[in-house]
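Asks: okay, sequence plus prediction incoming.
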Amino acid sequence: MNMADFFSMGGRGFYVWSSFGAVALALVIEMMLVKKRGSAAAQLKKTVAETQQ
Amino acid sequence: MKARYKRFIWVAIGLSVVALAVTLVLRTFNSNIVLYINPTEVAQKKMPKDRNFRIGGMVTAGSLKRQPDGLTVKFSVTDMVETVPVSYTGILPDLFKEGKGVVAEGKLDADGVFRATEVLAKHDENYMPPAAADALKKAGRNMDGTPIKSIEAPAQSPTPAKP
Amino acid sequence: MNLYKYASPATFYPLAGKLIPWFAALAVVFGLIGLYLGLIVAPEDAQQGQVYRIIFIHVPTAWVGMVVYLVMAAYGVAALTLKTRLSSMMMEALAPTGALFTALALLTGALWGKPTWGTYWIWDARMTSTLILLFLYVGYIALIHAIEDKKRADKAGALLVIVGSVNVPIIYFSVRWWNTLHQGASVSVTGSKMAAVMAQGMLVMALACWMYAIAVVLVRVRAIILERQYKGANDMVGLSMGARGMAGTEMTGTEMMGTK
């Protein structure tokens, strides 16, 4: 299979690649958001620990 | 208050979601849960009156005929017991094929022809490489391994077989 | 073995932290193998040609969307009967990922439906019940954020999820119970109706989605454990005005930091 055939997916490349692309994009965004939330929570813990000293 | 305002938004989202879900459930259970009826039910006049409905079944082998205008097609839909002739003007989906599943939406005319406004292909759950499909075909088997039955519409049988 | 020990947030927090890298690594490994099998090794389909390859992402996302909801319902039962604190936190952590995968299953399904069936969407039983699953997730998330008292919010949320779980078998069996445009199951406990390499690709992609989901949920539940433990304390010292009662949204923590 050559590259052009691979990307065209029998003329249905739009549907195939937007499916895989949408999932990849969504997972990347979710990972970024959850990471942000995790570091914000860690920061919260640190702040509380500092003020209670 | 910011927190209070935020909570209000969540309540609003919650209520609209519940309303949407209820609407969908009612809508579905109302009539749409039966997405289509089969040709036997059409023969028994089980379709809604004066309203579009969908019929589903198999495209009878050898029944597909393109009309001279190039866009209108005629074919018939069968469930092996009864057959309904269909006329449709428009683009057929890729998987529309004789001997394969189809769901058509439209109305039954007085002449007994179903005038479809939308034709959808209903494919099955079998996936295999083309070579394997060819091998099965040569062996006289369907994709699920069962022997190929004739899907020609039976000649108008006076007593439709009751399931 | 004392199961209650692992149901305590204090024990679970470090355990989850240790597990996350493993699940994340497995997600990457399975994802690469699955994509290789699905996009390169698997041949085209006899009927659909190349476009059927959407199955390698559509079915795994749909499975995760449905099973995550059942896992939430199980935690909901635990939250209401055993009153383990971690259960409600797990529910809160699972919901966004379950909702996302359900939405992705609907989206990839639409993108598959257009070229094969001829339509992006139809109100058949499979698709309508899957859309209802998405609304159940969103409804749960909205509910737990709408009730100020965290304990009451957790209880109401658990109840909603448990009641809503009847929808999952409806989704699964809809293609058998009613006339649907959606085809039947290709892979089930009774066997597979796919060529072996296609089924393998799909299962490996499903494993990848599972590993991803577990990893991301564990990161989120660790954040929730900290949020719930320290938010109250933080409010009491008056550090973050207005942060009260808005625990849990993805943005909350950052916004709060910004207000100081």
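Replies: Noted; the coordinates are in hand. This is a predicted model, so every value here is computed, not measured.
Asks: when you work out contacts or count neighbours from here on, use the C-alpha atoms and nothing else.
Replies: Noted.
Asks: give me the element the closest residue to A:Ser8 other than its chain neighbours is part of.
Replies: Nearest non-adjacent residue to A:Ser8, counting by C-alpha to C-alpha, 6 or more residues apart in numbering or on different chains: A:Phe14, 7.9 Å away. Using DSSP states H and E, A:Phe14 sits in helix A:13-51.
Asks: list the buried ones in that helix?
Replies: A:13, A:15-20, A:23, A:27, A:30-31, A:34-38, A:40-45, A:48 (16 or more other C-alpha atoms under 10 Å in any protein chain shown).
Asks: so which of those also contact chain C?
Replies: Near chain C, judged by C-alpha under 8 Å from any C-alpha of the partner chain, the entries from the buried residues of helix A:13-51 are A:13, A:15-16, A:18-20, A:23, A:31, A:34-38, A:40-42, A:44-45, A:48.
Asks: dihedrals phi and psi, B:Thr117?
Replies: Note on B:Thr117: its backbone torsions stand at phi -100, psi -20 [degrees, to the nearest 10].
Asks: apologies, that question was intended for B:Val77.
Replies: The phi/psi pair for B:Val77 (degrees, to the nearest 10) is phi -110, psi 130.
Asks: and residue 41, what is it in contact with?
Replies: Went with chain A since none was named. Listed by C-alpha atoms under 8 Å, 6 or more residues apart in numbering or on different chains, the contact partners of A:Ala41 are C:223-224, C:226-227, C:253.
Asks: not quite, I wanted chain C
Replies: C:Val41 neighbours (C-alpha under 8 Å, 6+ apart): C:Val197.
Asks: who are the packing partners of the lengthiest helix in chain B?
Replies: As assigned by DSSP state H, the longest helix anywhere in chain B is helix B:2-27. Contact here means 3 or more C-alpha pairs under 8 Å, 6 or more residues apart in numbering or on different chains; DSSP states H and E; on that basis helix B:2-27 packs against helix C:125-146.
Asks: how far away from the center of its chain is the helix it packs on?
Replies: 12 Å (C-alpha atoms, centre = their mean, to the nearest Å).
Asks: give me the angle between that helix and helix B:2-27.
Replies: 160 degrees (axes from the mean of the first three to the mean of the last three C-alpha atoms, to 10 degrees).
Asks: quick check: buried residues in the very next helix or strand once past helix C:125-146?
Replies: For helix C:125-146, the following helix or strand on the C-terminal side (DSSP H and E) is helix C:150-164. Neighbour counts over helix C:150-164 (16+ other C-alpha under 10 Å) mark C:150, C:153-162, C:164 as buried.
Asks: OK, contacts around A:Val16?
Replies: A:9, C:51, C:53-54, C:111-112.
Asks: let's see which of those residues end up in helices.
Replies: Short answer: the contacts of A:Val16 in helices (DSSP H) are C:111-112.
Asks: closest to C:Gly38 among the contacts of A:Val16?
Replies: When those are ranked by distance to C:Gly38 (C-alpha to C-alpha), C:Arg53 comes first, at 6.6 Å.
Asks: tell me which residue in chain A sits closest to chain B.
Replies: A:Arg12 (10.8 Å; C-alpha to the nearest C-alpha).
Asks: neighbours of the nearest residue to C:Ile132 once chain neighbours are set aside, how many?
Replies: Leaving aside its chain neighbours, C:Ile132 sits nearest to B:Ala21 (5.9 Å; criterion: C-alpha to C-alpha, 6+ apart). Other residues near B:Ala21 number 21, with proximity taken as other C-alpha atoms under 10 Å in any protein chain shown.
Asks: likewise for the one 3 residues further on?
Replies: Residue neighbour count, defined by other C-alpha under 10 Å, stands at 17 for B:Leu24.
Asks: hmm, it is touching C:Thr128, no?
Replies: Yes. Judged on C-alpha atoms under 8 Å, B:Leu24 makes contact with C:Thr128 at a distance of 7.2 Å.
Asks: helices of the stretch 151-260 of chain C, start to end?
Replies: Counting by DSSP state H, counting those that start in this stretch, the stretch 151-260 of chain C has helices at residues C:167-177, C:196-236, C:252-259.
Asks: pick the most deeply packed of those helices.
Replies: helix C:196-236 (a mean of 22; mean count of other C-alpha atoms under 10 Å in any protein chain shown).
Asks: so does that helix get close to chain A?
Replies: Yes. Judged by C-alpha under 8 Å from any C-alpha, helix C:196-236 and chain A are in contact via C:216, C:219-220, C:222-224, C:226-227, C:230-231, C:233-234.
Asks: sort out which one of those lies nearest B:Leu15 for me.
Replies: C:Ile224 (24.9 Å).
Asks: thought the closest one was touching C:Ala93?
Replies: Yes. With contact defined as C-alpha under 8 Å, C:Ile224 reaches C:Ala93; the gap is 7.3 Å.
Asks: ok, back up a step: contact partners for the residue nearest to C:Ile132?
Replies: Contacts of B:Ala21 by C-alpha under 8 Å, 6+ apart are C:132, C:135-136.
Asks: can you say which of those residues are buried?
Replies: By 16+ other C-alpha under 10 Å, the contacts of B:Ala21 give C:132, C:135-136 as buried.
Asks: residues contacting the most centrally placed residue in chain A?
Replies: Geometric centre of chain A, nearest residue: A:Val28, 0.8 Å, by C-alpha atoms, centre = their mean. Counting by C-alpha under 8 Å, 6+ apart, A:Val28 touches no other residue.
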